[in-house]
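1. Sequence and predicted structure, then a few things I'm wondering about:
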Amino acid sequence: MATIIPELFVVGAGPGDPELLTLKAYKVLQTAAVVLYDNLANQDLLALAPVACECIYVGKKPYGEYTPQEVIHGLIREKALAHGRVVRLKGGDPFIFGRGFEEMLFARSHGIAAHYVPGISSMQAVGFEDIPLTHRVVSEGIWLLTGTKKDGALSADLRLAMQSNSTVVIYMGLKKVAEIAATYVEMGRGHTPAAVVQHASLPQRKVAIGRVQDLPALVEAHGITYPAIIFIGDVVGVGREIGECKEEG
C-alpha cells in the first residue's frame, strides 16, 4: 500500500479562459487526489484531474452564498491527511486578494506541506481590450486595491492612489462604484478615463469605457455584474477616444 504524503498545492486558475492556465498548474492538476475549486475557477479545468479525483466546490459568490473559510480549512486538513495531494484551485492568482497564503499557513500549521503555483491575474486580461496596465510616459505604476475591506468600507488608499501617476485597479469594487466615482469627482479627477470589465478572457465578456464620473451609469447601461474589475487611469484612453461607452460580448 502506497504511503500517503499529505500536501497542498494552492494553484492559480487564471482569468477564466482554460488555455491561460500555466503549464505548472496543468501538471499539478493531473496528479491531484482532491480538488477544492472556487467560484471563479473555470470548471472545464476539472477534466484535467484524474478520473478518481474528488472535486469539491467551495466557492464564494459575491454578496451571496459562500463556503465559510473555516470549512475550507477543515477540508484541506481532512482530505490531505486521508488522500495526499490536495489542489486548491482559485481564480486568477491566489495571492492577489485570494486568501491563498492564509490557506498555506493553515496547512503548514498542521504538518501539511504547502506549495504555491502562480496564475495569470484577472487584471491582466484587460489587455484583450487593448488596455495596458502600464504605458511609457502615461503610467508610472499600478495600484491594486480592494473595493471593499473586511469591515465593508472603501479602502482609504484610494485617495492616495488618485494622487499618483499610476493605473488604479480595483477588485471587488462594483458595489462601491458610486462611492468611487464620487471620490474622484470630489478630488477634481472625475474626467479620468475608466473601464469596467467582466469576464475579460471569456466569450461572454462585457466592457464599458468612459470617464470615472460616469462609472455608475456605465455599469447599469452595459448590464455589468459580478465579477468585474475597475480600471482607472490614462492608460484606458491610449489609442481611443473617450466619451462613448463600449460593449462587447
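-> Sure thing, it's come through.

2. Give me the pLDDT for residue 150.
-> Predicted confidence (pLDDT) for residue 150: 77.

3. I'd assumed it was in a helix, is it?
-> No - counting by DSSP: H, G, I helix; E, B strand; the rest coil, residue 150 is not part of a helix but coil.

4. With residue 214 as the reference, measure out to it.
-> Taking C-beta to C-beta, to the nearest Å as the measure, residue 150 falls 29 Å from residue 214. Yep, even glycine has a C-beta here, placed from its N, CA and C like the rest.

5. before we move on, what about residue 206?
-> 16 Å.

6. circling back: and residue 150 and residue 214? Which one has more around it.
-> residue 214 (19 against 6; other C-beta atoms under 10 Å).

7. Might one say that residue 123 is in contact with residue 170?
-> No - using C-beta atoms under 8 Å, residue 123 is not in contact with residue 170, being 9.6 Å away.

8. Neighbour count: these two, which is higher?
-> Set residue 123 next to residue 170 and count neighbours by other C-beta under 10 Å: residue 170 wins out with 27 against 23.

9. Report all helices and strands that the helix or strand that one falls within contacts.
-> Here residue 170, judged by DSSP states H and E, is contained in strand 167-171. Counting contacts by 3 or more C-beta pairs under 8 Å, 6 or more residues apart in numbering; DSSP states H and E, strand 167-171 packs against strand 142-146, helix 157-162, strand 228-232.

10. Strands of this structure, residue ranges please.
-> 7-12, 34-37, 54-57, 85-90, 113-117, 142-146, 167-171, 193-198, 206-211, 228-232 (DSSP state E).

11. Turn those strands into JSON lines, including distance to residue 19 and mean pLDDT.
-> JSON lines is the format used below for the strands of the chain (distance: least, C-beta to C-beta, whole Å; pLDDT from 0 to 100):
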{"stretch": "strand 7-12", "distance to residue 19": "14", "mean pLDDT": "98"}
{"stretch": "strand 34-37", "distance to residue 19": "18", "mean pLDDT": "98"}
{"stretch": "strand 54-57", "distance to residue 19": "20", "mean pLDDT": "98"}
{"stretch": "strand 85-90", "distance to residue 19": "16", "mean pLDDT": "98"}
{"stretch": "strand 113-117", "distance to residue 19": "17", "mean pLDDT": "98"}
{"stretch": "strand 142-146", "distance to residue 19": "25", "mean pLDDT": "96"}
{"stretch": "strand 167-171", "distance to residue 19": "23", "mean pLDDT": "97"}
{"stretch": "strand 193-198", "distance to residue 19": "19", "mean pLDDT": "97"}
{"stretch": "strand 206-211", "distance to residue 19": "20", "mean pLDDT": "97"}
{"stretch": "strand 228-232", "distance to residue 19": "20", "mean pLDDT": "97"}
